[in-house]
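1. Okay, predicted coordinates and the sequence, questions at the end:
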Amino acid sequence: MILFFGTRPGKPETKKLFNSTCPYCQQRGTLIAVTQKNYFHIFWIKLFNISSTTMVECSHCKRGYFENEFTEEMNRELSNTNN
């Protein structure tokens, strides 16, 4: 019997952060958060989430921020949209 298993990424989820300000260019409402989740699968059926990464990019200055660079304002708005 052949068993196909492994990991693969899910579809990215995009959220606009309307009340957050970009720390670099000081523009308000230009930040977009993209969350990418990785799943464990058997026979290409997703079973459970292994990891999740979130990046935020400013649509005005194109500056990107990793999770360890998020401001309190970004974290607060992301936690409000996840509930």
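-> That came in fine, so what should we check first?
2. so the residue nearest in space to the middle of the chain is in which element?
-> With distances taken as C-alpha atoms, centre = their mean, residue 35 lies nearest the centre of the chain, 1.9 Å away. Following DSSP states H and E, one finds residue 35 within strand 31-42.
3. what's near enough to touch the residue nearest to the centre of the chain?
-> By C-beta atoms under 8 Å, 6 or more residues apart in numbering, the contact list for residue 35 reads 12, 13, 15, 52, 53, 54. C-beta here means a position set from N, CA and C on the backbone, and glycine is covered the same way.
4. could you redo the last one with a cut-off of 7 Å?
-> Contacts for residue 35 (C-beta atoms under 7 Å, 6 or more residues apart in numbering) come out as 12, 13, 52, 54.
5. and residue 17, how far is that from residue 9?
-> From residue 17 over to residue 9 the distance is 22 Å, taken as C-beta to C-beta, to the nearest Å.
6. Likewise for residue 69?
-> 22 Å.
7. With residue 71 instead?
-> Distance from residue 71 to residue 9, counting by C-beta to C-beta: 26 Å.
8. Give me the more crowded residue out of these two.
-> residue 71 (15 against 12; other C-beta atoms under 10 Å).
9. Let me know whether the more buried one touches residue 23 as I believe.
-> Yes: with contacts counted by C-beta atoms under 7 Å, residue 71 reaches residue 23, the gap being 5.8 Å.
10. show me the biggest strand of the protein in terms of residues.
-> For the chain, the longest strand by residue count, based on DSSP state E, is strand 45-58.
11. Tell me which other helices or strands the very next helix or strand once past it touches.
-> The C-terminal neighbour of strand 45-58 among helices and strands, as given by DSSP H and E, is strand 64-65. On a contact count with 3 or more C-beta pairs under 7 Å, 6 or more residues apart in numbering; DSSP states H and E, strand 64-65 meets strand 45-58.
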